[in-house]
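**Student:** how would this look folded up:
(one chain, ligands or ions: 1)
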Amino acid sequence: MSSNIVSIRGAITANNDEQSIAKASELLMRRIFFKNGLTNADVVNTMISTTADLTAFYPARALREVGYSMPLFSCLEPNIDGALGHCIRFLVTARSDNPVSNVYIGAARALRKDLTDYYAIALDGPSGAGKSTVAKLVAKELGITYLDTGALYRALGLKVLSEKLPTTDEAKVKACIEHVNVSIEYADGVQKVLLDGEDVSASIRTPEVSMAASNVSALPYVRAKLLSIQREIAHASSVILDGRDIGTVVLPDAEFKFFLTASPEIRARRRFDELKAKGQNVIYEDVLADVNARDRNDSGRKIAPLKMSYDAVKIDSDEMSAHDVAMSIINDVKEVVQ
Ligand code: DC
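**Tutor:** Presented below is the predicted three-dimensional model:
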């Protein structure tokens, strides 16, 4: 157990009735636990204050009744002119080695504009799990920007391939892409990837480029080059980014993190159908072999390997449609931001 003591703050609003206060208190604590990777044993104590207009129920009792076992202290705040009403605030003292994630939900987000202005959704997972389909649906419904980060690696993979260079040789790859400019443009909400100004969005989708992207993505120089582009886009508005290391490396403080998985066979079948629909002449067994090879590459590399962040929600999509997955993400986000 960690000996490092941290203070985690959180706030939420509720209606002045028993059910609403109980539900809000439970949601706030559940999210504080989840975002900070806590269990009951990690928590030293929790202080709770409620604004004077919340009189119908005790948040502390609500927490106790659903199994939170830490010492609790509750108090009522004075009436302050202009303050946000119907508000419950928590201060959780815990032992933790994780970075602190303060949690402001719904209307209480207005209390900490500095922490909650834009939000980011990190969607990681292996190739072919359906990330880009899901991310597009989520971005559309929530009205936020979508960045397909794999397309950036694909653009560099394409460049190295077109120069007929080995995609695993860091020195040669570096010399080839050092002065190459990769950028993103949005036309009617659709992402275009530009390689030195040329739109390569279509030509980066072949199986050869997939493998080249996977190879170049294992090189530290390539990852460093693309990190700043990804962060720049992510910090300019509310976003959903899909990739392999978004929750762990690119945006470790993303408010929402999801890890989307599916079995290699299901992922290969989906990729196969997608390529067929585009008129490409592919064989299922080749696509499956490609999925397995990329899994090994993406998970086995030393730098920023495909890995689930401790504060990510895992979604197994074998039995779920892209629409079902998107809805579960959308509901999770709406619970917090609206
Ligand atoms: O998601 P995709 O299949 O378009 O990605 C192409 C390759 O790029 C993939 O094999 C791994 C790599 N990649 C990465 O390393 N990190 C990311 N954030 C996104 C993609």
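
**Student:** Leaving out sequence neighbours, find the closest residue to Asp295.
**Tutor:** Leaving out its chain neighbours, the residue that sits closest to Asp295 by Cβ to Cβ, 6 or more residues apart in numbering is Pro126, at 5.4 Å. Every C-beta, even on glycine, is put in place using the N, C-alpha and C of the backbone.

**Student:** Any regions of the stretch 51-200 of the chain where pLDDT drops low?
**Tutor:** Applying pLDDT under 70 to the stretch 51-200 of the chain picks out no residues at all.

**Student:** Please identify the residues of it in proximity to the ligand?
**Tutor:** Proximity of the stretch 51-200 of the chain to the ligand is confined to 127, 149-150, 153-154 under the rule Cβ under 6 Å from any ligand atom.

**Student:** Same check on the stretch 201-338 of the chain?
**Tutor:** Counting by Cβ under 6 Å from any ligand atom, the positions of the stretch 201-338 of the chain adjacent to the ligand are 210, 213-214, 217, 243-246, 294, 298.

**Student:** again, only using 8 Å
**Tutor:** Residues of the stretch 201-338 of the chain lying close to the ligand (Cβ under 8 Å from any ligand atom) are 204, 210-211, 213-214, 216-218, 223, 226, 230, 241-246, 250, 294, 297-298, 301, 304, 306.

**Student:** rewinding a little: going by neighbour count, which of the residues of the stretch 51-200 of the chain next to the ligand comes out on top?
**Tutor:** Each of those was scored for neighbours by other Cβ atoms under 10 Å, and Arg154 scores highest at 27 neighbours.

**Student:** List the contacts of Pro252.
**Tutor:** When contacts are counted by Cβ atoms under 8 Å, 6 or more residues apart in numbering, Pro252 touches 99, 309.

**Student:** Which secondary structure state is assigned to it?
**Tutor:** coil (DSSP: H, G, I helix; E, B strand; the rest coil).

**Student:** All the helices of the stretch 201-338 of the chain, in order from the start?
**Tutor:** 207-216, 220-234, 264-277, 284-300, 322-337 (DSSP state H, counting those that start in this stretch).

**Student:** Now render those as a markdown table, adding mean pLDDT and mean neighbour count.
**Tutor:** Output for these, formatted as a markdown table (pLDDT from 0 to 100; neighbours: other Cβ atoms under 10 Å):
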| stretch | mean pLDDT | mean neighbour count |
| --- | --- | --- |
| helix 207-216 | 92 | 22 |
| helix 220-234 | 94 | 16 |
| helix 264-277 | 91 | 17 |
| helix 284-300 | 91 | 16 |
| helix 322-337 | 96 | 17 |
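
**Student:** Distance to Thr145 added to the ones you listed, as a markdown table?
**Tutor:** Converted to a markdown table, the helices of the stretch 201-338 of the chain look like this (distance: least, Cβ to Cβ, whole Å):
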| stretch | distance to Thr145 |
| --- | --- |
| helix 207-216 | 22 |
| helix 220-234 | 7 |
| helix 264-277 | 23 |
| helix 284-300 | 24 |
| helix 322-337 | 14 |
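
**Student:** right, so of those, which gets closest to Thr46?
**Tutor:** Counting by Cβ to Cβ, Thr46 lies closest to helix 322-337 out of the helices of the stretch 201-338 of the chain; the figure is 19.6 Å.

**Student:** how far is that closest one from where the chain is centred?
**Tutor:** Per Cα atoms, centre = their mean, to the nearest Å, the displacement of helix 322-337 from the mean C-alpha position of its chain is 12 Å.

**Student:** residue nearest the centroid of the protein?
**Tutor:** With distances taken as Cα atoms, centre = their mean, the residue of the chain nearest its centroid is Ala122 (1.6 Å).

**Student:** how about it, phi and psi?
**Tutor:** Backbone torsions for Ala122, taken as degrees, to the nearest 10, come to phi -100, psi 130.

**Student:** Show me the beta-bridge partners of it.
**Tutor:** Here Ala122 sits in beta bridges with Leu241, Lys257, as judged by DSSP bridges.

**Student:** Which residue does the stretch 51-200 of the chain have closest to the ligand?
**Tutor:** Among all residues of the stretch 51-200 of the chain, Gly150 sits closest to the ligand, at 2.3 Å; criterion: Cβ to the nearest ligand atom.

**Student:** Surely Lys192 is in a strand?
**Tutor:** Yes: the assignment for Lys192 by three-state DSSP puts it in a strand.

**Student:** In contact with it, which residues?
**Tutor:** Applying Cβ under 8 Å, 6+ apart to Lys192 gives the contacts 184-186, 199, 201.

**Student:** does it have beta-bridge partners, and which?
**Tutor:** Glu185.

**Student:** What distance do you get for it to Tyr186?
**Tutor:** As judged by Cβ to Cβ, to the nearest Å, Lys192 and Tyr186 stand 7 Å apart.

**Student:** Repeat that for Leu54.
**Tutor:** For Leu54, the distance to Tyr186 equals 43 Å [Cβ to Cβ].

**Student:** ok, those two, which is more surrounded?
**Tutor:** Taking neighbours as other Cβ under 10 Å, Leu54 and Tyr186 compare with Leu54 leading, 24 against 12.

**Student:** Would you agree Val287 is in contact with Arg271?
**Tutor:** Yes: when contacts are counted by Cβ atoms under 8 Å, Val287 is listed as touching Arg271 (5.3 Å).

**Student:** Look up how far His86 lies from the residue nearest to Glu18 when sequence neighbours are not counted.
**Tutor:** Counting by Cβ to Cβ, 6+ apart, Glu18 lies nearest to Phe57, which is 4.2 Å off, once chain neighbours are set aside. The span separating Phe57 from His86 equals 12 Å under the rule Cβ to Cβ.
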